[in-house]
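Undergrad: kindly return the folded structure for what I paste below:
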Amino acid sequence: MILNREQILAANDVKTKVVEVPEWGGSVIVRGLTSLERDKAIARIMNDNNQVDLNRLGELRVMIAAMAIIDEQGNPLFTEKDVTALGQKSWSAIERISDAVLEISGLTQNALEQLEKN
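TA: Purely as a prediction, here's the structure:
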């Protein structure tokens with residue numbers, strides 16, 4: 001079947017997942033990143049020479065978590081303004097959440113490592 005414009009735009013292709021976060025005493029719902037969100041998160045860690053700033057890699061995981069944590073209706077719980085505050089939370093919690101987001105977004109740990117190398 002060849003899809004038309006309306007079918008493509010109507011497709012519900014962003015997956016969700018419940019992630020247990022023992023550090024916070026419960027679970028969160030996360031959704032996969034859209035193409036534009038992925039690019040925005042990566043742009044945030046680039047320096048003026050368009051290279052990855054290794055000092056900002058931790059911020060990438062926090063940004064991913066902030067973009068992806070949603071409520072039961074699918075509404076974001078955080079905004080870009082919350083990244084600094086969320087960055088003060090447990091590294092293991094943020095890592096667990098961002099790993100789940102990367103997985104359901106189709107981004108592998110290997111892809112993140114390649115980004116770090118480049």
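
Undergrad: isn't Thr34 up against Asp13?
TA: No - judged on CB atoms under 8 Å, Thr34 makes no contact with Asp13 at a distance of 9.2 Å. Heads up, the C-betas are built off the backbone N, CA and C, glycines and all.

Undergrad: the two: which is more packed in?
TA: Shown here are Thr34 and Asp13; by other CB atoms under 10 Å, Thr34 has more neighbours (13 against 8).

Undergrad: for stretch 71-90, buried residues please.
TA: Under the neighbour-count criterion of 16 or more other CB atoms under 10 Å, stretch 71-90 has Phe78, Val83, Leu86, Gly87 buried.

Undergrad: ok, now how distant is Ile64 from Leu36?
TA: 13 Å (CB to CB, to the nearest Å).

Undergrad: same deal with Glu95?
TA: Distance of Glu95 to Leu36, computed by CB to CB: 24 Å.

Undergrad: burial measure for Gln7, as a count.
TA: 10.

Undergrad: after the host helix or strand of it, next one along is what?
TA: Assigned by DSSP states H and E, Gln7 belongs to helix 5-10. Where DSSP H and E defines the elements, the next helix or strand beyond helix 5-10 is strand 16-21.

Undergrad: could you point out the helix or strand that follows that next one?
TA: Taking DSSP H and E, what comes next after strand 16-21 is strand 26-31.

Undergrad: then that next one to CSV, C-alphas only?
TA: What follows is strand 26-31, C-alpha atoms only, in CSV (Å, rounded to 0.1, in the frame of the first residue of the first chain):
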residue,chain,number,x,y,z
GLY,A,26,7.4,5.2,41.1
SER,A,27,7.2,5.2,37.3
VAL,A,28,7.0,7.7,34.5
ILE,A,29,5.6,7.5,31.0
VAL,A,30,8.0,8.5,28.2
ARG,A,31,7.5,8.9,24.5
